[in-house]
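Engineer: Predicted model and sequence follow; I will ask about them next.
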Amino acid sequence: MATPSYKLIYFGVQARAELARMLFRYANVDFEDVRITRDDWATLKQDPKTKFGQVPILEINGKPIAQSQAIVRYLAQKFGYLPTDPDAALPIDELYAFINSDISDKQFLGSLFQDPEAKEKYRSDYFGNQLPTRLGYIEKILESSTSGYLVGDKLTLADLALIDFAQRVLFDKDWIERTKPVLEKLPKVSEYLQKRFEDPQYKAYLEKKPKA
């Protein structure tokens with residue numbers, strides 16, 4: 001069987017596409033990383049392959065797949081980071097959904113406020129209350145882990161989702177002053193992330209990641 005041809009189409013930012021890019025890099029699978037501009041988007045959003053008027057879009061041998069979570073789950077199963085057996089996949093899917101929806105997406109909501117006071121009020125609550133509480137659940141999982149991974153004894157989609165969030169938010173220069181006090185109270189999460197960042201696979205991913 002011929003090797004599939006992959007083309008991932010998104011803007012030149014991390015956001016909704018970075019976890020898919022990470023999966024390709026960790027699996028050492030070639031793909032075309034198409035980074036569009038706003039001008040490109042004006043044309044692309046009229047293209048039938050942009051199924052729901054949104055990106056990212058993953059083209060597999062020219063066939064488009066929409067929705068970032070569907071793309072990520074497909075690639076994770078394809079590359080061995082999410083089991084095909086539903087019972088084995090369930091605890092990984094639980095954590096992936098939690099990290100994506102209850103941690104990452106909730107942080108993004110702060111950017112949608114137009115009023116500066118409302119925006120700051122939301123972000124103060126997020127970083128002061130929501131984030132510590134939700135990462136606290138991850139802390140408890142790591143306290144009971146004997147392998148050093150979130151689920152089982154190897155890297156899975158759950159781990160990659162947390163790594164992705166950590167690099168986009170927890171250790172990003174725009175948020176580090178808000179996240180540092182949170183991580184100081186979560187030693188297991190901090191230790192876990194440091195270990196993941198020292199992983200040769202992560203370093204190899206960074207080498208191929210375009211510099212902002």
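Structural biologist: Perfect, thanks for sending it. Residues are numbered from 1 along each chain as shown.

Engineer: Okay, domains of this protein per the record?
Structural biologist: Domain assignment for the chain, taken from automatic domain parsing, gives 6-80, 86-199.

Engineer: So for residue 211, which of these sits nearest?
Structural biologist: Relative to residue 211, the nearest member of the domains of the chain by CB to CB is domain 6-80, separated by 11.3 Å. All C-beta spots, glycine's among them, are computed from the backbone N, C-alpha and C.

Engineer: End to end on that closest one, go ahead and measure it.
Structural biologist: Its start and end residues considered, domain 6-80 measures 17 Å (CA to CA, to the nearest Å).

Engineer: and if you look at stretch 61-74?
Structural biologist: Length of stretch 61-74, first residue to last, CA to CA: 15 Å.

Engineer: where along this protein do the helices fall?
Structural biologist: When secondary structure is read from DSSP state H, the chain shows helices at 18-27, 38-44, 68-79, 86-97, 105-108, 116-125, 131-144, 157-165, 176-184, 187-197, 200-208.

Engineer: remind me which residues of the chain are low pLDDT?
Structural biologist: Low-confidence segments of the chain, defined by pLDDT under 70, are located at 1, 212.

Engineer: one step back: can you lay out the domains of the chain as JSON lines showing mean neighbour count?
Structural biologist: What follows is those, written out as JSON lines (neighbours: other CB atoms under 10 Å):
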{"stretch": "domain 6-80", "mean neighbour count": "16"}
{"stretch": "domain 86-199", "mean neighbour count": "16"}
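
Engineer: Let's have those in a markdown table, adding distance to residue 207.
Structural biologist: Putting these into a markdown table (distance: least, CB to CB, whole Å) gives the following:
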| stretch | distance to residue 207 |
| --- | --- |
| domain 6-80 | 9 |
| domain 86-199 | 13 |
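
Engineer: Residue 2: which of the helices of the chain is closest?
Structural biologist: When the helices of the chain are compared by CB to CB, helix 68-79 sits nearest residue 2, at 14.9 Å.

Engineer: Please compute how far the closest one lies from its chain's middle.
Structural biologist: On the basis of CA atoms, centre = their mean, to the nearest Å, helix 68-79 is displaced by 11 Å from the centre of the chain it belongs to.

Engineer: cool, stretch 5-21 as well?
Structural biologist: The chain centre lies 10 Å from the centre of stretch 5-21; the measure is CA atoms, centre = their mean.

Engineer: Quick check: residue 111 vs residue 174, distance?
Structural biologist: The gap separating residue 111 from residue 174 is 11 Å, by CB to CB, to the nearest Å.

Engineer: picking up where we left off before, would JSON lines of the helices of the chain with distance to residue 51 be doable?
Structural biologist: Shown next, in JSON lines, are these (distance: least, CB to CB, whole Å):
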{"stretch": "helix 18-27", "distance to residue 51": "16"}
{"stretch": "helix 38-44", "distance to residue 51": "12"}
{"stretch": "helix 68-79", "distance to residue 51": "11"}
{"stretch": "helix 86-97", "distance to residue 51": "22"}
{"stretch": "helix 105-108", "distance to residue 51": "21"}
{"stretch": "helix 116-125", "distance to residue 51": "31"}
{"stretch": "helix 131-144", "distance to residue 51": "31"}
{"stretch": "helix 157-165", "distance to residue 51": "23"}
{"stretch": "helix 176-184", "distance to residue 51": "35"}
{"stretch": "helix 187-197", "distance to residue 51": "33"}
{"stretch": "helix 200-208", "distance to residue 51": "28"}
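
Engineer: Thanks a lot, catch you later.
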